[in-house]
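Peer 1: here you go, sequence then predicted model.
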Amino acid sequence: MKVRIVLTGVCVGALGLTGCGGGGGGGAEPAAAGSPEAVAAVRAATATTIAAGSSRTKTTMTMESGGRSVTLNGEGLFDYSRRVGTVSLEVPKDSGLTGPLQEIVTPEALYMKNASPGIPADKWVRIDANGLADGNLISGGSADPTTSFEILRGVNDDVRQIGVEKLGDAQVRHFKGTLDIRKAHDATPENRRAPLAAALKSFSSTTIPFEVYLDDQGRLRKVQEEFNLAPGGAPAGKDAKGQTAKVVSAAELYDFGVPVQVQQPRPEDLYVAPSAQKPPAAAAPPSSSASPTGRKP
């Protein structure tokens, strides 16, 4: 099965799905009951995790459409205070790509390398952050962890703890519930709202089912969120006819405090589509008021 990403607005080969049966309900039904302690713990985890500075991540994103499914697995490093990071994603065998998809995430742009069979393997594609319609929650096949943290500020009152488990080397508390992207947007500092403002326009519901795992310091050790992409980019909440793509995004965090060095690609390493290249400058026409010698008649 060969599919193509359509979420970023550019062809980056074999990562996205164009539609999925289902409506704009936003996923699973909200939990019947929650607890104030659970709500407070999850809401506080955003600031606690960002304060940890950085971590390594393992990501999984599954996209479903019309009975078809594509899963992408990746590993990366992220600095949460500077909002920069890198990730390497495995791609489907029938994608036509020769290696993993490399990504660099910055507040200004998402850079992708090995993004499409039609793009030289040594070139990066730059996508302006303002062009990421969903705030980079699912655009690149791997969520920007910082954005996925921010939306936890909008947790609803149905959050509950469903158990204590072992995750890697840590004992973690497992929580489940729903969140509201609009509530998260309003609760996020103004200078960090832009990705959430974009996400509000991209999904068929502002209500997002989630599960999180918190360690004994209150840090996020795993985040899983479920999205329904609005057909044709229809704004969330509108009665958009057609199909939506169901996307489940998960990130596991570990090795907090790891140094993160991110080098943005040089201008000469960026891919420029032929249609975007400037044509040669045309020669200026001779002045009607000048003679061939350049002197006025």
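Peer 2: Sure thing, it's come through.

Peer 1: could I get the full set of strands for the chain?
Peer 2: Taking DSSP state E as the test, the strands found in the chain are 54-65, 68-79, 84-89, 101-105, 109-113, 124-128, 160-167, 170-180, 207-214, 220-229, 245-254.

Peer 1: do you know which of these lies nearest residue 260?
Peer 2: strand 68-79 (4.1 Å; CB to CB). C-beta coordinates here come from the backbone N, C-alpha and C atoms, glycine included.

Peer 1: just the CA atoms of that closest one, as PDB, please.
Peer 2: The C-alpha trace of strand 68-79 is given here as PDB (Å, rounded to 0.1, in the frame of the first residue of the first chain):
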ATOM      1  CA  ARG A  68      -6.000   1.000   5.900                       C
ATOM      2  CA  SER A  69      -3.400   1.700   8.500                       C
ATOM      3  CA  VAL A  70       0.200   3.100   8.500                       C
ATOM      4  CA  THR A  71       2.400   3.200  11.600                       C
ATOM      5  CA  LEU A  72       5.500   5.400  11.900                       C
ATOM      6  CA  ASN A  73       8.100   4.800  14.600                       C
ATOM      7  CA  GLY A  74      10.800   7.300  15.500                       C
ATOM      8  CA  GLU A  75      13.500   8.300  18.000                       C
ATOM      9  CA  GLY A  76      14.600  11.800  18.800                       C
ATOM     10  CA  LEU A  77      15.900  14.500  21.200                       C
ATOM     11  CA  PHE A  78      14.000  17.600  22.300                       C
ATOM     12  CA  ASP A  79      14.900  20.700  24.200                       C
END
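
Peer 1: tell me which of the strands of the chain sits nearest to residue 154.
Peer 2: When the strands of the chain are ranked by proximity to residue 154 (CB to CB), strand 170-180 comes first, at 4.6 Å.

Peer 1: and that closest one, which residues are buried?
Peer 2: 170, 172-180 (16 or more other CB atoms under 10 Å).

Peer 1: which secondary element of this protein has the worst mean pLDDT?
Peer 2: helix 194-199 (a mean of 80; mean pLDDT, DSSP states H and E).

Peer 1: bridging residues for residue 225?
Peer 2: residue 210, residue 249 (DSSP bridges).

Peer 1: that one and residue 148: what is the separation?
Peer 2: According to CB to CB, to the nearest Å, residue 225 stands 6 Å off from residue 148.

Peer 1: now swap in residue 68 and tell me
Peer 2: 24 Å.

Peer 1: also residue 91?
Peer 2: 21 Å.

Peer 1: neighbour count for these two, which is higher?
Peer 2: Shown here are residue 91 and residue 148; by other CB atoms under 10 Å, residue 148 has more neighbours (26 against 23).

Peer 1: tell me the contacts of that one?
Peer 2: Contact analysis of residue 148 by CB atoms under 8 Å, 6 or more residues apart in numbering lists 137, 223, 225, 249, 251.

Peer 1: how about low-confidence regions in the chain?
Peer 2: Flagging of the chain using pLDDT under 70 yields the residue ranges 1-32, 95-98, 135, 139, 142-143, 230-244, 275-297.

Peer 1: show me the longest helix that occurs in it.
Peer 2: helix 36-51 (DSSP state H).

Peer 1: one step back: got a winner among the contacts of residue 148 for most neighbours?
Peer 2: Neighbour tally across the contacts of residue 148 (other CB under 10 Å): the maximum, 29 neighbours, falls on residue 137.
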